[in-house]
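Undergrad: Sequence first, predicted coordinates after that:
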Amino acid sequence: MSAPVETANSKAAISGMSEEGETLLDSKVDKHHSHGTEVMASRAERLTSFSVEDFKIPSGFEEEWRFTPVKKLANLFSETPGEVAAVDYAIELPEGVVEGSLAIGQAPRGTALVPADRAAAVASADVAAAHYFGIPAGQELSEPLKLTITGQGEGLRANSHCVLEAGANSRAVVILDHHGSADFNGNLEIIVGEGAELTVVSVQRWEDTAKHLGQHDALIAKDAKYKHVAVTLGGAIVRLNVNARYAGEGAEAELFGLYFADAGQHLEHRTYIDHNVPNSKSNVLYKGALQGAQAHTVWVGDVLIQKQAVGTDSYEKNQNLILTDGARADSVPNLEIETGLIEGAGHASSTGRFDDEHLFYLMARGISERDARLLVVRGYLNEVIQKIKVPALEAELVEALERELEASGAL
């Protein structure tokens, strides 16, 4: 939708929640708001730093951490180096991909990602040699580059930093697949070259005792297309920050997410799109399902359209399906617009239970209530799985979702 405009130079902050995606625009809006003891301003003003000391250990009163059970994450905020053998890495490397390591300060490390919280700063500082994967310019990978990360035990702490660089006009899919159990800080920085098309899929299939804090940042060059898909099905606590900004006009970013929370799980996803150049596009869609006592999901989506980003086209949407009593979904879309010269900008959020009309339609055709519920949930979540475009992985995830639904007791 197009935002209303007062003048070409009007500034506005749009922040709120709407089932239909409408936004309120007022050039006199105060952009500061508070929760607890902290007052927050624009998303762009939040601290980023490579220094761990610049970030206090979160108390839970901060805007960035108010939904998160921070008392359970002390191990991940510690400056003590993580255990070397806490996770195992298995790499499936297609022909032509360059693999190496990058020291702290060695380019292109630090090009796309600057830590935005203490956990990411700890991971950055602790990893002396980051994993590096380079896709040469003009190359199209016939198979995905896959990195499987397996935790070696409950409470073992690991810090990880990976750098992924897609050369100009390359085409590739990269998969990160997390298994096992550990306390895991994972940074991923992504550089998408001019005209490249890159899909990154991050799957969290941790055991029930795992804790995972992650920051994935992408820098997208002129006319490049970047897609990030986050699928979170396992882990006691998972908190993933997925961020994108632009390095040239005509760049596009799509961020998709799917999560299924069982009893006692906390699954939190945060997205930030920084439209910092003219004529860029973004689309964000995250969908979740929850069942069981104290199942908790959080989605916070931030979009910033800077004053120089004329011609921007942006939309973000979050949907949550509550399957049983006792589950809670928090959804906070935020949209800041600093120029009226845009193609469109909007956001939407909805949380609810089964649609009785859908169930009635299916049951009226001889389908049992249980199977009708299964079909509705499967169709609802498959929208995101189908964005991956890797048939083998899509089939795996569909089967994993089937198991989640069968075990949920909500059908």
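TA: Nice, I can see it.

Undergrad: okay, now the domains of this structure?
TA: Split into domains by automatic domain parsing, the chain comes to 12-352, 354-411.

Undergrad: okay, these, which one's buried deepest?
TA: Greatest average neighbour count among the domains of the chain goes to domain 12-352 (a mean of 20), per mean count of other C-beta atoms under 10 Å. The way it works is simple: take the backbone N, C-alpha and C, and place the C-beta from them, glycine included.

Undergrad: Double-check that Leu381 belongs to a helix.
TA: Yes: counting by DSSP: H, G, I helix; E, B strand; the rest coil, Leu381 is located in a helix.

Undergrad: Does it touch Leu285 like I think?
TA: No: counting by C-beta atoms under 8 Å, Leu285 is not a contact partner of Leu381; they are 11.7 Å apart.

Undergrad: could the domains of the chain go into a markdown table alongside mean pLDDT?
TA: Below are the domains of the chain laid out as a markdown table (pLDDT from 0 to 100):
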| stretch | mean pLDDT |
| --- | --- |
| domain 12-352 | 91 |
| domain 354-411 | 83 |
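
Undergrad: And the most far-flung residue of the chain relative to its centre, how close does it get to Glu406?
TA: Distance to the chain centre peaks in the chain at Gly366, reaching 39.2 Å (criterion: C-alpha atoms, centre = their mean). Per C-beta to C-beta, to the nearest Å, Gly366 is found 21 Å from Glu406.

Undergrad: What residues does the residue nearest to the spatial centre of the chain make contact with?
TA: Centroid-nearest residue in the chain, with C-alpha atoms, centre = their mean: Val242, separated by 3.8 Å. Applying C-beta atoms under 8 Å, 6 or more residues apart in numbering to Val242 gives the contacts 216, 228, 230, 255, 257, 269-272.

Undergrad: Helix, strand, or coil at it?
TA: strand.

Undergrad: who's it bridged to?
TA: His216, Thr271 (DSSP bridges).

Undergrad: Same question for the one 10 residues further on.
TA: Partner residues in beta bridges with Glu252: Lys225, Lys281, with DSSP bridges as the criterion.

Undergrad: and it, what does it touch?
TA: Residues near Glu252 by C-beta under 8 Å, 6+ apart: 220, 224-226, 280-282.

Undergrad: Closest to Pro391 out of the residues you listed?
TA: The nearest member of those to Pro391, counting by C-beta to C-beta, is Lys225 at 20.3 Å.

Undergrad: how far away is the closest one from Asp371?
TA: From Lys225 to Asp371 the distance is 38 Å (C-beta to C-beta).

Undergrad: repeat for Ile191
TA: From Ile191 to Asp371 the distance is 46 Å (C-beta to C-beta).

Undergrad: Could you do Glu83 as well?
TA: On the measure of C-beta to C-beta, Glu83 and Asp371 end up 46 Å apart.

Undergrad: So which residues of the stretch 51-200 of the chain form strands?
TA: Applying DSSP state E, counting those that start in this stretch to the stretch 51-200 of the chain gives strands spanning 87-92, 98-103, 129-135, 145-166, 171-192, 197-205.

Undergrad: Tabulate these (a markdown table), appending distance to Leu73.
TA: Formatted as a markdown table, the strands of the stretch 51-200 of the chain follow (distance: least, C-beta to C-beta, whole Å):
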| stretch | distance to Leu73 |
| --- | --- |
| strand 87-92 | 17 |
| strand 98-103 | 27 |
| strand 129-135 | 23 |
| strand 145-166 | 11 |
| strand 171-192 | 8 |
| strand 197-205 | 16 |
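
Undergrad: so which of those gets nearest Val114?
TA: strand 171-192 (9.1 Å).

Undergrad: Could you tell me the angle between the closest one and strand 98-103?
TA: Following axes from the mean of the first three to the mean of the last three C-alpha atoms, to 10 degrees, one obtains 20 degrees for the angle between strand 171-192 and strand 98-103.

Undergrad: and strand 171-192, how far from the chain's centre?
TA: 11 Å (C-alpha atoms, centre = their mean, to the nearest Å).

Undergrad: go on, stretch 77-94?
TA: That offset, for stretch 77-94, works out to 21 Å (C-alpha atoms, centre = their mean).

Undergrad: ok, now stretch 220-229?
TA: Mean C-alpha position of stretch 220-229 versus that of the full chain (C-alpha atoms, centre = their mean) differs by 15 Å.

Undergrad: what sits against the closest residue to Arg118 other than its chain neighbours?
TA: By the measure of C-beta to C-beta, 6 or more residues apart in numbering, the closest residue to Arg118 outside its immediate chain neighbours is Phe55, 3.7 Å from it. With contact taken as C-beta under 8 Å, 6+ apart, Phe55 is in contact with 47, 49, 115, 117-118, 121.

Undergrad: so Arg118 makes contact with Ile57?
TA: Yes: between Arg118 and Ile57 there is a contact under C-beta under 8 Å: 6.4 Å.

Undergrad: Show me the common contact partners of the two, please.
TA: Common neighbours of Arg118 and Ile57 (C-beta under 8 Å, 6+ apart) are Phe77.

Undergrad: What segments of the chain are helices?
TA: Assigned by DSSP state H, the helices in the chain fall at 74-77, 118-126, 356-363, 369-385, 391-408.

Undergrad: With distance to Ile305 as added columns, please give those helices in JSON lines.
TA: JSON lines is the format used below for the helices of the chain (distance: least, C-beta to C-beta, whole Å):
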{"stretch": "helix 74-77", "distance to Ile305": "32"}
{"stretch": "helix 118-126", "distance to Ile305": "24"}
{"stretch": "helix 356-363", "distance to Ile305": "36"}
{"stretch": "helix 369-385", "distance to Ile305": "25"}
{"stretch": "helix 391-408", "distance to Ile305": "33"}
